[in-house]
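Peer 1: need coordinates for the below:
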Amino acid sequence: MSEKNHSWLDNAVFYEIYPQSFRDTNADGIGDFNGIIEKLDYIKELGCNAIWINPCFLSPFGDAGYDVQDYCTVAPRYGTNEDLVRVFDEAHKRGMHVILDLVPGHTSVEHRWFKESMKPEKNEYTDRYIWTDSIWESVDCLPCLRGISQRDGSVALNFFSTQPALNYGYYKPSLPWHQAMTDAGPLATREAIKDVMRFWLKAGCDGFRVDMAGSLVKNDPDGEGTIELWQDFRRFLDEEFPHAAMVSEWGEPDKSLRGGFHMDFLLHFGPSHYNDLFRCDEPYFSKRGKGSTEEFIAKYKENYEKTDGKGLICIPSGNHDMDRLARRLDTDEIKVAFAFLLTMPGAPFIYYGDEIGMNYVEGLTSVEGGYGRTGSRSPMQWSKGLNAGFSSATADKLYIPLDPSTDRPDAESQMADECSVYSETKRLIALRMANPALQSNAKIEWIRNDYPTVYLRECSEQKILIVINPSAQPCEVQHIGGKLLYSIGEVKMSETATSLGGCAAAIIEL
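Peer 2: The predicted structure is shown next:
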C-alpha cells in the first residue's frame, strides 16, 4: 500500500483487536498474529477497512502489554516481528490499514532503559524517567517508587507500580530536579520514541493510536507543552512518513488536533458523558427511555466548535477498558446504538465481538491487570464448536475463560442470520461507505437531543437526516420530503414527517 498521505482515514471504520483474545492458532490458549491473519477476511466482510491492534510488544504483562519491555520486539506468545509484518502485508493486500497501539508515557520496570536509569552512576538513561533527588521526596502529585535500587531518588509512576513514567520534561519547572522540555534527558526520550515509530512505519505499519497522548509533559495544566511536543512529532512524520495516521487517546480534540493528530479518541472517563449513552444505570440507548444525551451533546458541540467544525472525534463501540455494550443493552438496543455510532463524524471503532453482541463475563478473577475490565476481554466467539472456535487448547489453558452462557452469540451463527447484530452492523457500515455525508469529515448539526435524538450530516454533495429513537415509545419527527435510505424497526414516512416505532432508527437523504 503506497499512499503518500493519510486520506484513507476519511472513510475508515476501525476494528479493534485485543490480540490475546482474538484467535489462537497454536493451541496455547492465547491469541496470535496467525489468528489475526486467518480472520482478516472476516473483518473485511464485516466492512471494516482498518484495524487497531492493542499492544503486542515484549512485556511482563502486568497491564496486558501496556507495560512495554521492548518497543521493537513483539511478544513471543503472538509470534515474531516477521509475523507482524505479515499481518501488515496481508491487510494491505485486502485494501485494509493497520495501526499499532503506541504507549509513549511509560514503560515496564523490566525495560532496559529503566534498569539502566536505576544505576547510581550517570549514564545515557539516567534522565529517561522522572526521578527526584532524594528517596525522601515524592514526585509532585504522582505515585512513585522508592528504595528500589542504589540510586538515591523516587521515580514517578503513571499508574501501576510496574509503569515508570518516561521523562518529557516539565512545562513549568519549579523544583531543582524538574527538567525543562528542552533539557537533554527529555529531548533524548522524544528521539527514542521517534525511533520506535520509525521502526514500525518502515516495517509497514500505517500509523498509531497513541495511549494517553495528553499526559506526557508534566506540570502542564493547559496542555500547551504537550501540544508543542506533539507538533515536533508531527514535523518528523510529515518529513519522513506523511502517510502515517495518528489517532490520539486524549479526549480534548481542540488540543490533539493542534498537536498534529488527525483524530481524537473519545475517552470513557472525564467530562465527555460518553457513558451516559451506553454504560450507566439508565443509559440513553435503553428502551426504558429514562436516559439523556443532553450533557453528552453539549460537550460534543463544545469540542466540535473548538476544532473549527472538523469534528474528528472517534466514538468507539467499546474497548478493552470498559464494559461491553451488552452488559446494559439488549440486542435491539445494540442495533440502534450502532445506527448512532456508524453515522457520527470521525472514524468509528468497533471493539472485537461487539458486532455480535458479546456479553460482559461477570465474576472473573483479574487477568494481567484487567481487574474489572477482565470481563470485557474474554475470547472471541467464532462458532459453537470447541472453545467457541477461539482455540483448540483445553479450556483450562485459555488466557481468559469463555463466556459460560448457553446462549452466547457467535460469529458463524450471526453471519447466517439476517436479523442479527452482525448483519445490522454490516449493513450500516456499507451504508456509511456508500454515502459521503455519513463519513468522517462531513459536518454535523444537532437538531434534537431528547427522545428521539436527531442530527443532520452534510457535505458538499449530500445531506442526510438521522433520527434515533432507543425508547420503547413511538415518536414523530417533522421534516419536508426526503428519501428513506435505511431503517431499523418500524418507520413510516409521509411528505412532512417520519414516524418511528419503539427502538427504531431512520436515515433519510434530504
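
Peer 1: the stretch 251-400 of the chain: helices as residue ranges?
Peer 2: Using DSSP state H, counting those that start in this stretch, the helices of the stretch 251-400 of the chain run over 253-258, 275-278, 294-306, 331-341.

Peer 1: ok, the stretch 101-250 of the chain next?
Peer 2: Taking DSSP H, counting those that start in this stretch, the helices of the stretch 101-250 of the chain run over residues 112-117, 184-203, 224-240.

Peer 1: quick check: angle from the longest one to helix 224-240?
Peer 2: Okay, so that is helix 184-203. Angle between the axes of helix 184-203 and helix 224-240 is 40 degrees (criterion: axes from the mean of the first three to the mean of the last three Cα atoms, to 10 degrees).

Peer 1: same for helix 184-203, what does it pack against?
Peer 2: Helix 184-203 is packed against strand 70-74, helix 81-93, strand 97-102, strand 207-210, helix 224-240, with contacts defined by 3 or more Cβ pairs under 8 Å, 6 or more residues apart in numbering; DSSP states H and E. C-beta: built from backbone N, CA, C; applies to glycine.

Peer 1: so who does I488 touch?
Peer 2: I488 sits next to 335-336, 339, 424, 503-505 when contact means Cβ atoms under 8 Å, 6 or more residues apart in numbering.

Peer 1: go again with 10 Å.
Peer 2: I488 is in contact with 332, 335-336, 338-339, 424, 427-428, 468-469, 500-501, 503-507, counting by Cβ atoms under 10 Å, 6 or more residues apart in numbering.

Peer 1: same question, R112
Peer 2: Neighbour list for R112: 69-70, 125 [criterion: Cβ under 10 Å, 6+ apart].

Peer 1: ok, which of the helices of the stretch 101-250 of the chain comes nearest S460?
Peer 2: Nearest to S460, of all the helices of the stretch 101-250 of the chain, is helix 224-240, at 26.6 Å by Cβ to Cβ.

Peer 1: and that closest one, what's its mean pLDDT?
Peer 2: Mean per-residue pLDDT for helix 224-240: 98.

Peer 1: in that helix, what's buried?
Peer 2: By 16 or more other Cβ atoms under 10 Å, the buried positions in helix 224-240 come out as 225-227, 229-230, 232-234, 236-237.

Peer 1: distance to A91 added to the residues you listed, as CSV?
Peer 2: Output for those, formatted as CSV (distance: Cβ to Cβ, whole Å):
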residue, distance to A91
G225, 35
T226, 31
I227, 31
L229, 30
W230, 26
D232, 29
F233, 24
R234, 25
F236, 24
L237, 20
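
Peer 1: low-scoring stretches of the stretch 301-450 of the chain, by residue?
Peer 2: Along the stretch 301-450 of the chain, the parts satisfying pLDDT under 70 run over 311.

Peer 1: that one: strands as residue ranges?
Peer 2: According to DSSP state E, counting those that start in this stretch, the stretch 301-450 of the chain carries its strands in the segments 313-314, 349-351, 443-449.

Peer 1: give the partner strands of the shortest one in its sheet and their orientations.
Peer 2: In other words, strand 313-314. Here strand 313-314 is paired, per DSSP bridges, with strand 263-265 (parallel).

Peer 1: contacts for the strand it pairs with, please.
Peer 2: Taking Cβ under 10 Å, 6+ apart as the rule, strand 263-265 contacts 6, 9, 12, 14, 52, 209-211, 213-214, 245-257, 303, 307, 310-316, 319, 345-347, 349, 440.

Peer 1: mark which of those are buried, thanks.
Peer 2: Buried by 16+ other Cβ under 10 Å: 6, 9, 12, 14, 52, 209-211, 213-214, 245-257, 303, 307, 310-316, 319, 345-347, 349, 440, out of those.

Peer 1: can I assume I466 sits in a helix?
Peer 2: No - per DSSP: H, G, I helix; E, B strand; the rest coil, I466 lies outside any helix segment and is strand.

Peer 1: assess the claim that it and T343 are in contact.
Peer 2: Yes - counting by Cβ atoms under 10 Å, I466 touches T343, with 4.9 Å between them.

Peer 1: spit out the residues that contact those two alike.
Peer 2: Common contacts of I466 and T343 (Cβ under 10 Å, 6+ apart): 437-438, 444, 455, 457, 486, 505, 507.

Peer 1: F160: which of the helices and strands packed on helix 184-203 is closest?
Peer 2: strand 97-102 (16.5 Å).

Peer 1: gap between the closest residue to D28 other than its chain neighbours and T374?
Peer 2: Sequence neighbours aside, A393 is the residue nearest to D28 in space, at 6.3 Å (criterion: Cβ to Cβ, 6 or more residues apart in numbering). Distance check for A393 against T374: by Cβ to Cβ, to the nearest Å, it reads 19 Å.

Peer 1: what do you get for W52?
Peer 2: From W52 over to T374 the distance is 20 Å, taken as Cβ to Cβ.

Peer 1: kindly report the same for N167.
Peer 2: To T374, N167 is 32 Å away according to Cβ to Cβ.

Peer 1: among these two, which residue is more densely surrounded?
Peer 2: Neighbours per residue (other Cβ atoms under 10 Å) separate N167 from T374, with N167 holding more: 28 against 21.

Peer 1: the more buried one and A188 touch, don't they?
Peer 2: Yes - assessed by Cβ under 10 Å, N167 is found in contact with A188 at 8.7 Å.

Peer 1: anything in contact with each of the two?
Peer 2: Residues touching both N167 and A188 (Cβ under 10 Å, 6+ apart) are 125, 127-128.

Peer 1: ok, of those residues, which one's closest to G385?
Peer 2: Distances from G385 to these, taken by Cβ to Cβ, are shortest for R128, at 47.8 Å.

Peer 1: so what's that closest one up against?
Peer 2: Contacts for R128 (Cβ under 10 Å, 6+ apart) come out as 107, 111, 113-114, 116-117, 164, 166-167, 185-186, 188-189, 192.

Peer 1: now these in CSV, with pLDDT and distance to L398?
Peer 2: Output for these, formatted as CSV (pLDDT from 0 to 100; distance: Cβ to Cβ, whole Å):
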residue, pLDDT, distance to L398
T107, 98, 28
H111, 98, 28
W113, 98, 33
F114, 98, 31
E116, 98, 37
S117, 98, 37
P164, 98, 31
L166, 98, 34
N167, 98, 39
G185, 98, 43
P186, 98, 42
A188, 98, 42
T189, 98, 38
A192, 98, 36
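
Peer 1: mind checking which of those are buried?
Peer 2: Neighbour-count burial (16+ other Cβ under 10 Å) applied to the contacts of R128 gives 107, 111, 113-114, 117, 164, 166-167, 185-186, 189.

Peer 1: what's the farthest-apart pair in those residues?
Peer 2: Spanning the widest gap among those are H111 and P186, at 17.2 Å by Cβ to Cβ.

Peer 1: what about stretch 314-332, how long is it end to end?
Peer 2: Across its full length, stretch 314-332 reaches 23 Å between end residues, using Cα to Cα, to the nearest Å.

Peer 1: I'd like the distance from that stretch to the chain centre, please.
Peer 2: Centroid separation between stretch 314-332 and its chain, computed with Cα atoms, centre = their mean, to the nearest Å, is 12 Å.

Peer 1: got it, and stretch 82-98?
Peer 2: Centre-to-centre, stretch 82-98 and its host chain are 19 Å apart (Cα atoms, centre = their mean).

Peer 1: let me know the average pLDDT across it.
Peer 2: The pLDDT scores in stretch 82-98 average 98.

Peer 1: circling back to that earlier point, any chance of the shared contacts of N167 and A188 in JSON lines, plus distance to L40 and pLDDT?
Peer 2: Listed next are these as JSON lines, based on distance: Cβ to Cβ, whole Å; pLDDT from 0 to 100:
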{"residue": "Y125", "distance to L40": "39", "pLDDT": "98"}
{"residue": "D127", "distance to L40": "42", "pLDDT": "98"}
{"residue": "R128", "distance to L40": "37", "pLDDT": "98"}
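
Peer 1: closest to E495 among the contacts of R128?
Peer 2: L166 (61.2 Å).
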